[in-house]
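1. My questions concern the predicted model and sequence given below.
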Amino acid sequence: MAKECFCGCGRKVPFGRKRIANGLGHRLTEDIAHFQGAVDRTPDPEHDDDLRRLITTGIPLRDKLAGLIHGTFDRDDYPREDGQRWLEDAQEHRKRLAQEAIDGDYAGWNAHKQSYLVRAGVAAQAKIVDVSDTGMTLNDDPRVEVTLRVDPPDGAAPFELKRKLIVSRVNVPRPGEHVTVFYDPKDPNDFTFRNADVTDGDKPAPAESAPTLDPVDQIAKLADLRDKGALSDDEFAQAKQRLLAGL
């Protein structure tokens, strides 16, 4: 089955070398949008220069791939080694950004997709309408079906999204709560949100926060939960790292 050209021209790309070029074009197009969104939405002085370089060098490669499909560029002239190096470099940054999505505790199971949605998706305010348990878990985190009422940022009519997601077992979303969602404009049901950002928007924040435990005591409590089997080794390591980072 032929797929549409990655450039959005609507042309159907058949099997063969053009199909390979089209697949690479989709990869570059998504990566460029991902990296641009990372620079704009989640600035990181340590890595932003590398991302800008990848954006700058990736656009000509993407355009050449479109030329291969459209017949305006000879495939023998495509810089394959440059393209391969670009993909390898981009892969390292995709992995890094995906790890940041994991550390950020975004709902879902595909960290690469979550990272892309957070950086390149549409950000909108939403209210949780319904949450139902599917009876499935992953690493003790429940898989639930979440229905949200979304207010698009462009002022369009609100709409509902529904999706089954892995969420934090210590912060399961509830109907009536509010959250910022990040969704794919081509498929809005492909969305994510940060579990920790779910709030009851109808109630003011308490005047005083609960007292903060000493990080050493918190780590000891986490170790006890791990020893009792309530936390996995990975969950314990991630929670300990967050506590140590806050010292």
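-> That came through, no problem.

2. And the longest strand seen in the chain, what does it pack against?
-> For the chain, the longest strand by residue count, based on DSSP state E, is strand 122-138. Strand 122-138 is packed against strand 141-151, strand 159-166, strand 178-184, with contacts defined by 3 or more CB pairs under 8 Å, 6 or more residues apart in numbering; DSSP states H and E. Using the backbone N, CA and C atoms, a C-beta is placed for each residue, glycine as well.

3. can you redo those as JSON lines with mean neighbour count, distance to Ala196 and mean pLDDT?
-> Converted to JSON lines, those look like this (neighbours: other CB atoms under 10 Å; distance: least, CB to CB, whole Å; pLDDT from 0 to 100):
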{"stretch": "strand 141-151", "mean neighbour count": "18", "distance to Ala196": "14", "mean pLDDT": "93"}
{"stretch": "strand 159-166", "mean neighbour count": "16", "distance to Ala196": "15", "mean pLDDT": "90"}
{"stretch": "strand 178-184", "mean neighbour count": "20", "distance to Ala196": "10", "mean pLDDT": "94"}
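
4. Isn't Trp109 up against Ile166?
-> Yes. Trp109 lies in contact with Ile166 (CB atoms under 8 Å); the separation is 4.9 Å.

5. Show me whatever sits in contact with both of these two.
-> Jointly contacting Trp109 and Ile166 under the rule CB atoms under 8 Å, 6 or more residues apart in numbering are Leu138.

6. Figure out the helix or strand that Pro10 lives in.
-> One correction, residue 10 is Gly, not Pro. Under DSSP states H and E, no helix or strand contains Gly10.

7. Model confidence for it, exactly?
-> You'll see Gly10 listed with a pLDDT of 89.

8. now swap in the one 3 residues further on and tell me
-> With respect to pLDDT, Val13 has a value of 90.

9. residues touching it, list them.
-> 2-5, 19, 22, 69.

10. Just the residues you listed: which are in strands?
-> 3-4.

11. Reformat the contacts of Val13 as a markdown table; add pLDDT.
-> Listed next are the contacts of Val13 as a markdown table, based on pLDDT from 0 to 100:
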| residue | pLDDT |
| --- | --- |
| Ala2 | 60 |
| Lys3 | 85 |
| Glu4 | 91 |
| Cys5 | 93 |
| Arg19 | 90 |
| Asn22 | 94 |
| Ile69 | 93 |
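
12. Tabulate the contacts of Val13 (CSV), appending distance to Arg174 and neighbour count.
-> Output for the contacts of Val13, formatted as CSV (distance: CB to CB, whole Å; neighbours: other CB atoms under 10 Å):
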residue, distance to Arg174, neighbour count
Ala2, 45, 12
Lys3, 40, 14
Glu4, 40, 13
Cys5, 44, 20
Arg19, 46, 14
Asn22, 43, 24
Ile69, 48, 20
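
13. Considering the contacts of Val13, which is situated nearest to Pro152?
-> Of all the contacts of Val13, Pro152 sits closest to Glu4, with 24.9 Å by CB to CB.

14. so that closest one sits right up against Arg11, yeah?
-> Yes. Counting by CB under 8 Å, Glu4 does reach Arg11; the two are 6.9 Å apart.

15. Need the residues touching each of those two.
-> If you check Glu4 and Arg11 against CB under 8 Å, 6+ apart, no residue is contacted by both.

16. what's the domain layout of this structure?
-> Here the chain is described, according to automatic domain parsing, as comprising the domains 3-103, 121-197, 215-245.
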